[in-house]
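Trainee: Show me the folded form of this:
(one chain, ligands or ions: 1)
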Amino acid sequence: MGHSTAIWGYRAANDFTEDCNGNLQVVLRNPQGASARVSVHGGQVMSWKNEQREELLFTSSKAIFRPPKAGAGGIAIGFPQFGNCGSLEQQGFVRNKVWAIDENPPPLPPRDSNGKSFVDLILKPSAEGLKYWPHSFEYRLRVALASDGSLSFISRIRNVNGKPFSFLFAYHAYFLVSDISEVRIEGLETLDYLDNLSQRERSTEQGDALTFESEVDRIYLGCPNAIAVIDHGKKRTFVIRNEGLPDVVVWNPWEKKSKAMADLGDEEYKQMLCVAGAVVEHPITLKPGEEWTGILELTVVPSSFSSDYL
Ligand SMILES: O=P(O)(O)OC[C@H]1O[C@@H](O)[C@H](O)[C@@H](O)[C@@H]1O
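Mentor: From the prediction side, this is the model:
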């Protein structure tokens, strides 16, 4: 579509495009050549590339980025529900809504703007939406790309009137990996987790890094602020930093579930790993006028450097 303008407070490096469904996308770029494509529909990141223009996020070849399905891939927000535990659509409704550009967001600390390419989005409930989740909220999202190529999300959710409300939350990121059997996660050792594959039974992780040999669908509790997804095949590490997000969801559907999923190719589970900084065990409750902030920052480094980041 080709608007290229800074009128909304974007840095001039950004531009706009449309996806095949006509949805507005904002492209963030840094001077080194890294980029991220943010869809205004769903407030989702569809693509994130490093300086070498290699894609870092998985997108299923069968993904359908149209309501009611947000599509298997990219990074999507789950709010106010996690998974299918509740009366709302899977992972809540915000990933299926058309957000607006937030032209005048309340200020954030300079570190969230300086030297970054970013876009601010806002979502408020519609009259129709209030029938399903009757709480007045303002959800402000900043997605920012830094000069080192790291990608951050800042979510600010405010209760704008009425009564207290509670919610769960997840930044559902599909990382693109060389081969799931070549991947390990560090930082979750010895933590308790709830196992979605056995009625959320509580177990404790062993002392070793987490590796993958079958379906995994777990919610790790009380996690450290930084964890690492180490991909031996690609010799790169995703460092995931969370603020305000005590839980981490780890999911790979493996072979059988992939075959049953309409929006995932049969073999595609090998190239993806979902890791989500989340709030699942203890819901957040906001009183009238209160605001919650949850931050995710993703950085990719060569695997040999990763221990410096943890
Ligand atoms: O709705 P989506 O994005 O396909 O989510 C899929 C998966 O997301 C994970 O977070 C859940 O733990 C899984 O149980 C679920 O199947």
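
Trainee: who does Leu176 bridge with?
Mentor: Leu176 forms beta bridges with Met272, as assigned by DSSP bridges.

Trainee: surely it meets Met272?
Mentor: Yes. Counting by CB atoms under 8 Å, Leu176 does reach Met272; the two are 6.8 Å apart. To be clear about C-beta, it is placed using only N, CA and C from the backbone, and glycine gets the same treatment.

Trainee: Which one of the two is surrounded by more residues?
Mentor: Met272 (23 against 18; other CB atoms under 10 Å).

Trainee: Tell me the spacing between that one and Phe58.
Mentor: Look at Met272 and Phe58: by CB to CB, to the nearest Å, they are 4 Å apart.

Trainee: that older thread, please enumerate the shared neighbours of Leu176 and Met272.
Mentor: Phe58 (CB atoms under 8 Å, 6 or more residues apart in numbering).

Trainee: What residue, apart from its backbone neighbours, is nearest the residue of the stretch 151-300 of the chain found nearest the ligand spatially?
Mentor: Of all residues in the stretch 151-300 of the chain, Trp251 sits closest to the ligand, with a separation of 4.1 Å (CB to the nearest ligand atom). Spatial nearest neighbour of Trp251, excluding adjacent residues (CB to CB, 6 or more residues apart in numbering): Cys274 at 4.1 Å.

Trainee: Could you show which parts of this structure are in contact with the ligand?
Mentor: Within the chain, the positions adjacent to the ligand are 72, 83, 90-91, 172, 196, 217, 249, 251, 274, 276 by CB under 6 Å from any ligand atom.

Trainee: Out of those, which two are the most distant from each other?
Mentor: Ala72 and Asn196 (16.7 Å; CB to CB).

Trainee: Pick out whichever of those two has more residues nearby.
Mentor: Ala72 (26 against 21).

Trainee: how about the more buried one, what does it touch?
Mentor: Ala72 touches 58-60, 62-63, 174, 261, 263-264, 272, counting by CB under 8 Å, 6+ apart.
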